[in-house]
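In: My questions are about this predicted structure, shown below with the sequence.
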Amino acid sequence: MANIPRDFYNLLREYGALLPSRLLRFPLGIPWPELHNLLLENVLLDQHFTSYPPSVEYQRAFWKAAIDHLEANIPDPLVTKAPSYSTHFWATDPSYLTQNAVDLTLLQNSTLLESRTFIEKGTTGLRTWPASLALAEYLVTQPDIASKTRVLELGSGAGFLGIVVGSIQVLHGDERSSLHLTDVHEEVLSRCEKNVNLPCNTSSQHRDIHYHALDWSNATDSTRRSSLTRLFENINADVILGADLVFDPDLILALVETIAVALQESSSGSSRTKTAILALTVRNQDTFDTFERLTSQYFHLHELPTPRLSMFLGLPEGKESPSEITRNVKMIQLSQKKQGKYSYGQ
Ligand SMILES: C[S@@+](CC[C@H](N)C(=O)[O-])C[C@H]1O[C@@H](n2cnc3c(N)ncnc32)[C@H](O)[C@@H]1O
């Protein structure tokens, strides 16, 4: 039998001796998850106490006191730092979510292991950002955009959008559907791949998802630009996606150049018009203005309505979104201008 902390033994003794619940001493020095497990193993599931239990009334009083104690000491999930699985439910028919009774088996989910801090291991890519929830909602409500197409995502992060787009392609796609997820950070890309392939996500059934290490700075480096061009020629994406990519003023030019290469028509020719759909969080107006100025010089820029995040966060229709979640997310669509096509260095 494993040793148990002295403080917990005191509590166990009090429980066995049927001490009134107001006199119970719950150990204060034992961390919440450990105390939770000690209570499960040594009280609720313990062989002795299941064979020789206190009366039902006493057990009820004990567990009420235990739950009150645990709840008073539980860390706030919003400030917890440990990585966590998150699950966002969604439906290919969004009207389904407004019904009174919801059959969970008819819902999709996007489940991923993600960081709960803004920056971990020097990257912002290990967690999901609100802009990608907005872009995902836009794509779920218009599945034709991403379903039977070749999709490239820039700065894929932990993979939330990749899971949603991969699932849309499994559900509505055809032989043309493919998905290329990219990121500069090795661990982020590997986390993204693991998340997309979690068996609970429909995206795990997709047979044409690819993961590429990609640094936007290659686009502004004359020696590395050709490798980027070759990669994008091979991918030949119809749709380029990106969520929360405009955050570092020093990376804007490289990002715009990367989008420009991705939007270039392939030399093999294609009847489809390439388009980029981006959801961007405006944190600094100057940085965002610079991005818009650079892109509008070479591309048609069209602002799209930003979804309300009612699908993934369950925010009720017709009410203001909490600003800390949806703050300043802008959706824009870019496409090549027929005339004055973008050409690097001009
Ligand atoms: C704010 S996060 C957004 C992640 C994800 N799109 C989302 O919205 O949840 C920015 C992402 O861009 C990636 N990134 C940063 N610099 C990059 C670069 N130079 N080249 C490619 N990706 C980069 C980061 O690794 C990170 O995954």
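Out: Now that the structure is in, tell me what you want to look at.
In: Around the ligand, pick out the residues from the chain.
Out: Residues of the chain found near the ligand (CB under 6 Å from any ligand atom) are 123-125, 128-129, 131-132, 155-157, 160, 183-185, 188, 214-217, 243-245, 247, 251. Yep, even glycine has a C-beta here, placed from its N, CA and C like the rest.
In: mind running it again at 8 Å?
Out: Applying CB under 8 Å from any ligand atom, we find that the chain lies next to the ligand at 123-132, 135, 153-158, 160-161, 182-185, 188, 214-217, 242-245, 247-248, 251, 254-255, 258, 279, 281.
In: which of those residues are buried?
Out: 123-132, 135, 153-158, 160-161, 182-185, 188, 214-217, 242-245, 247, 251, 254-255, 258, 279, 281 (16 or more other CB atoms under 10 Å).
In: Could you say which helix or strand holds the closest residue to residue 92 other than its chain neighbours?
Out: Closest residue to residue 92 apart from its sequence neighbours, by CB to CB, 6 or more residues apart in numbering: residue 171 at 5.9 Å. In the assignment (DSSP states H and E), residue 171 maps to helix 160-172.
In: Sketch out the low-pLDDT regions of the protein for me.
Out: 1-2, 75-80, 94-100, 267-271, 314-327, 338-346 (pLDDT under 70).
In: longest helix anywhere in it?
Out: For the chain, the helix that runs over the most residues, judged by DSSP state H, is helix 56-73.
In: for that helix, packing partners?
Out: helix 32-39 (3 or more CB pairs under 8 Å, 6 or more residues apart in numbering; DSSP states H and E).
In: The helix it packs on: which residues count as buried?
Out: Quick answer for helix 32-39 (16+ other CB under 10 Å): 35, 38, 39.
In: Just give me the closest of these to the ligand.
Out: residue 35 (33.9 Å; CB to the nearest ligand atom).
In: I figured the closest one hits residue 70, correct?
Out: Yes - Residue 35 is within contact range of residue 70, at 7.0 Å (criterion: CB atoms under 8 Å).
In: Would you map the helices across the protein?
Out: 6-16, 32-39, 47-51, 56-73, 130-141, 144-147, 160-172, 186-196, 225-235, 252-263, 285-298, 310-313, 323-326.
In: Now the third one: buried residues?
Out: It stands for helix 47-51. Buried-residue list, helix 47-51, by 16+ other CB under 10 Å: residue 49.
In: got the angle for the helix holding residue 171 vs helix 186-196?
Out: Following axes from the mean of the first three to the mean of the last three CA atoms, to 10 degrees, one obtains 30 degrees for the angle between helix 160-172 and helix 186-196.
In: Report the distance from helix 160-172 to the chain centre.
Out: Centroid separation for helix 160-172 versus its chain: 13 Å, with CA atoms, centre = their mean, to the nearest Å.
In: Buried ones in that helix, by neighbour count?
Out: 160, 161, 162, 163, 164, 165, 166, 167, 168, 169, 170.
In: Could you export these as a markdown table, including distance to residue 21?
Out: What follows is the buried residues of helix 160-172, written out as a markdown table (distance: CB to CB, whole Å):
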| residue | distance to residue 21 |
| --- | --- |
| 160 | 44 |
| 161 | 49 |
| 162 | 49 |
| 163 | 45 |
| 164 | 47 |
| 165 | 52 |
| 166 | 51 |
| 167 | 48 |
| 168 | 52 |
| 169 | 55 |
| 170 | 52 |
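In: for these, which one is nearest residue 336?
Out: Relative to residue 336, the closest of the buried residues of helix 160-172 is residue 165; by CB to CB it sits at 21.9 Å.
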